[in-house]
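Asker: give me a 3D structure for the following:
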Amino acid sequence: MPKMKTHKGTAKRFKTTGTGKLKRGNAFKSHILEKKSPKRKRAFRADSFVHKSDARVIRKNLGIG
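Answerer: All right, here's what the predicted structure looks like:
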């Protein structure tokens, strides 16, 4: 059986933390920014964590576990 290949689109969007959680960027921060408040735009900068119900598929695509 050949090795599983990493899904490169997934690899660019998600990173693994030291404890094994998956980090992701936030949506809605690239355009139509005039109507969004500065506080909301600042909050988009911080990374979020992937919900555990989605993590299984993402880990599979990354070739983890």
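Asker: is the residue most central in space within the chain bridged to anything, and to what?
Answerer: For the chain, the residue nearest the mean C-alpha position is Arg24 (2.2 Å; Cα atoms, centre = their mean). Beta bridges link Arg24 to Phe14, Ser48 when assigned by DSSP bridges.
Asker: biggest helix in the protein, by residue count?
Answerer: If you go by DSSP state H, the chain has its longest helix at helix 52-62.
Asker: in that helix, what counts as buried?
Answerer: Residues of helix 52-62 classed as buried: Ala55, Ile58, Arg59, Asn61, Leu62 (neighbour count, 16 or more other Cβ atoms under 10 Å). In short, each C-beta sits where N, CA and C put it, glycine included.
Asker: now do the contacts for the first one.
Answerer: Read it as Ala55. Leu22 (Cβ atoms under 8 Å, 6 or more residues apart in numbering).
Asker: what distance do you get for it to Phe49?
Answerer: 9 Å (Cβ to Cβ, to the nearest Å).
Asker: likewise for the second one?
Answerer: Counting by Cβ to Cβ, the separation of Ile58 from Phe49 is 11 Å.
Asker: got any residues that touch both of those two?
Answerer: Counting by Cβ under 8 Å, 6+ apart, the shared contacts of Ile58 and Phe49 are Leu22.
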